[in-house]
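[1] no sequence on this one, just coordinates:
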């Protein structure tokens, strides 16, 4: 119905311009009378309907403000400021008016008014001062005055009564009699001569369109006629035939005269045909569209029809579909142009050209028609070349890089293309973020999945493929997209939780996006960021709550700190007292079942018995691989059994680090325990040695000296071990634990929680001298530990000798010692006096202890000297605690005396038989 109304209105307009008289002109040509009109009216009506039905876009921008500003600027330039102000006020009132009767296309009205003014100016300029009102051209059914306006781009001239029998009568004399006279610059009337000149030069045209020329002396018209004659004389074919072949070539089809030349790799006119060089060049330029068209079409055919879908993927299919849609627009344009070739419209020609009807579509007009399609076809050909080897997100990113262009036409075209190409990618992103599913059959998505165990799902199950990441998606956003989908899969697989679905629904509602609305697309990154932010925030929060409340991650971290990092002091002390005798045995003789029973006994004997049963069940004894000669102390350790999904944080690597810290702390605790046992044994033996020294001199005096030296060395070792243990337990463990608790509360997702835990464990390793940069320092520290344990063995031997001397010298116990000696004889044993036994033994033991003291001093000086150069600042505080009086610093800087002498020079002269103190 609407099409009929438009057709009737166009018919009425054609009748008014080309009146055919009779009833057909009076009623506007409705009904059967529409078919009885003038053939000229029919052709004009048909041509107008083709223009209305085509895809021709206006070359003018719909900008009301720009047109109004141009009118005001023109008025100001003409020194009509008052008129400019009046126009601004009128335009403001017109713009503010709304409601029934308001004008929608105000910019068109302003443009029409400005065009009328410009037309009047051109008329006055072309007629050398002739002033004719624009409205006079429509008096009595569109009467047109005779002027040169048409030659200057004005409105086209229309026939008069003398040229068309059905037009109403019109003559310039009529305008003169009514007061509208044509005056020249000197004031003489030229209406009569102008009228005769016009009547003599008005060419007749069956189409009803006339061109009015002034005289035969018009240089422009003469030059045009001469040019046409030259062109026609130099060409063997008509321009209409070349135009038809060019249209065929634009569609990849060889014509009669224009064919594809393989040597030139393009369409061109056959060399045997005589045409002007300019025409040949113009044809070659126009046929570039066909060459580009073939490349685009061949790519689509190879991709969709001949190639496998796995090679191009869904993004490649979307790209081909977008290209096909653009080619469909190109086909419609070709159909319009071909219709104009087969149905020519009236053409304005010269009076003496001999042709009253010409071809509207010329080669030069084809340049205008194919200007924009050529740009689009070039862009599509470039994209086809660049995207041949690309797939998925890489293809979309390559097209996006071409869209960063300054030309608005190129930018608009590529953005429209990208909206279709990137639609599969955004659908993959939507499903991954909201459902945790990877709908990627051809490996095009920038998130890839791998088959791994449940404990490695978070760390290794999903990876970000940067090669498939489109350039219009920032990498931080891609990382957040990756983590959101991982959180959903972690909850679904490892935690057996379905609460993420509710969180995803709330995220969609909060972001204002519909899961099936398809709002995600190219150019809407803000919408994607909002959706991902909402989904990530809610799903990650739900995951953290599950880890904290259902699986009690903080409680398990505290249990590891108490048992593996020796934070439960009473339990560790009880365990060491119970398991110490057994661990002194060779490693190959130990039983893990017996040690597990000892562990349970330690738990029941300490406050650990009040801990959670689930935590105690996870605590187990672990025997490490051992070599020949290893003792139980070297292979004994504790382990904490973490179950899913806690294994995501407590991985084998992480538990290996905890085991490394436990072995270090267990060794330190063993050294402290050994020094405490040495002190417990030393106390009564020192009292015995002091009593014997008062009763007799000689050997007892030597025993006192050695015991005193042993006690001094023990105190120095105890100072080192005590300060080191304080530093480890408080400066390292407690401080790192406090920071870990703060970061645990601030963690918003599982990645941040894992990073906080790794930082906590890494801080312990670095500060406890177990890191990669402290290997030399750690080796020195372990040598000091071994030296202290060696000292403990010497001290035990010394105290056993002291007890034996005390037993031999006590009269009340001689009979018991004698009976024991007789009942249990030792092979090769000879009777020695108390003095001989004490002197020989103390001499040998004194030398060994002196060697231990010298080696210990050297190692300790080297250890303290290395602390200030360490990168970690906390190790400098350890140096201050160990050498607060700068005693070791002065000894290390001294070069005139030995580094450290831990033995004392005896105050009495000793007998040679007993042995002297080694210097």
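    The structure has been received and is ready for your questions. In this text the structure is predicted, and so the values were computed from the model without any measurement.

[2] I'd say residue 595 and residue 621 touch.
    Yes: in this structure residue 595 lies within contact range of residue 621 using Cβ atoms under 8 Å: 4.7 Å. From N, CA and C alone the C-beta is placed, and that goes for glycine too.

[3] common neighbours of the two, please.
    In terms of Cβ atoms under 8 Å, 6 or more residues apart in numbering, residue 595 and residue 621 are both contacted by the residues residue 636.

[4] identify each buried residue in stretch 644-653, please.
    Within stretch 644-653, the residues that count as buried by 16 or more other Cβ atoms under 10 Å are 645, 646, 647, 648, 649, 650, 651.

[5] again but with stretch 419-433, I slipped
    The neighbour-count check on stretch 419-433 (16+ other Cβ under 10 Å) flags 419-426, 428-433 as buried.

[6] what about that stretch, distance to the chain center?
    The chain centroid and the centroid of stretch 419-433 are separated by 15 Å under Cα atoms, centre = their mean, to the nearest Å.

[7] ok, now stretch 574-581?
    Relative to its parent chain, stretch 574-581 has a centroid offset of 56 Å by Cα atoms, centre = their mean.

[8] before we move on, back to that, dump the buried residues of stretch 419-433 to CSV, plus pLDDT and secondary structure.
    CSV is the format used below for the buried residues of stretch 419-433 (pLDDT from 0 to 100; DSSP: H, G, I helix; E, B strand; the rest coil):
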residue, pLDDT, secondary structure
419, 92, helix
420, 92, helix
421, 93, helix
422, 92, coil
423, 92, helix
424, 92, helix
425, 93, helix
426, 92, helix
428, 93, helix
429, 93, helix
430, 91, helix
431, 92, helix
432, 94, helix
433, 93, helix
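
[9] closest one to residue 342 out of the residues you listed, please.
    The shortest approach to residue 342 among those belongs to residue 420, at 34.0 Å (Cβ to Cβ).

[10] ok, how many other residues are close to the closest residue to that closest one other than its chain neighbours?
    Closest residue to residue 420 apart from its sequence neighbours, by Cβ to Cβ, 6 or more residues apart in numbering: residue 322 at 4.1 Å. The number of residues packed near residue 322 is 20, by other Cβ atoms under 10 Å.

[11] where's residue 322 relative to residue 748, distance?
    39 Å (Cβ to Cβ, to the nearest Å).

[12] the buried residues of stretch 419-433: which two are farthest apart?
    Those two in the buried residues of stretch 419-433 that are separated most widely, counting by Cβ to Cβ, are 420 and 433, at 21.4 Å.

[13] could you pull out the buried residues of stretch 541-549?
    542, 543, 544, 546, 547, 548.

[14] I meant to write stretch 603-619 there.
    By neighbour count with 16+ other Cβ under 10 Å, stretch 603-619 contains the buried residues 603, 605, 606, 608, 611, 615, 616, 618, 619.

[15] domain ranges for the chain, per the record?
    235-345+359-389, 394-550, 667-808+837-894 (the TED database).

[16] how much space between residue 529 and residue 478?
    11 Å.

[17] these two: which has the busier surroundings?
    Legend: neighbour count by other Cβ under 10 Å for residue 529 and residue 478, higher for residue 478 (21 against 17).

[18] report the separation between the residue positioned nearest the centre of the chain and residue 507.
    By Cα atoms, centre = their mean, the chain has its centre lying nearest to residue 475, at 1.5 Å. Distance of residue 475 to residue 507, given as Cβ to Cβ: 22 Å.

[19] and what of residue 435?
    Distance, residue 435 to residue 507, by Cβ to Cβ: 12 Å.

[20] of those two, who's got more company?
    Using other Cβ under 10 Å as the criterion, residue 435 and residue 507 rank with residue 507 on top: 25 against 17.

[21] residues contacting the more buried one?
    Counting by Cβ under 8 Å, 6+ apart, residue 507 makes contact with 434, 531, 534, 535, 537, 538, 539.

[22] now do the SS call for it.
    helix (DSSP: H, G, I helix; E, B strand; the rest coil).

[23] circling back to that earlier point, out of the buried residues of stretch 644-653, which comes closest to residue 268?
    For these, the nearest to residue 268 is residue 648 (68.6 Å; Cβ to Cβ).

[24] leaving out the residues flanking it, which one is nearest to that closest one?
    residue 458 (4.8 Å).

[25] can you count the residues close to the one you found?
    Residue 458: 24 neighbours (other Cβ under 10 Å).

[26] buried residues, the helix or strand harbouring it. List them.
    Assessed by DSSP states H and E, residue 458 sits inside helix 457-460. Applying a neighbour-count criterion of 16+ other Cβ under 10 Å, one finds 457, 458, 459 buried in helix 457-460.

[27] correct me if wrong: the last one contacts residue 648.
    Yes: shown here, residue 459 and residue 648 form a contact pair, counting by Cβ under 8 Å, at 7.2 Å.

[28] one step back: which stretch among the domains of the chain comes nearest residue 74?
    That would be domain 394-550 among the domains of the chain, by Cβ to Cβ, at 26.5 Å.

[29] mind checking the pLDDT average for stretch 407-415?
    Averaged across stretch 407-415, the pLDDT comes to 90.

[30] before we move on, back to that, and the residue nearest to the centre of the chain, what does it touch?
    Counting by Cβ under 8 Å, 6+ apart, residue 475 makes contact with 466, 469.

[31] gap between residue 649 and residue 249?
    Taking Cβ to Cβ, one finds residue 649 at 68 Å from residue 249.

[32] wait, I meant residue 561
    For residue 561 relative to residue 249 (Cβ to Cβ), the value is 82 Å.

[33] and the pLDDT at residue 383?
    Residue 383 is assigned 94 on the pLDDT scale.

[34] I'd like the numbering to begin with 50 instead of 1 from here.
    That works, and once the first residue is 50, the last one we named lands at residue 432.
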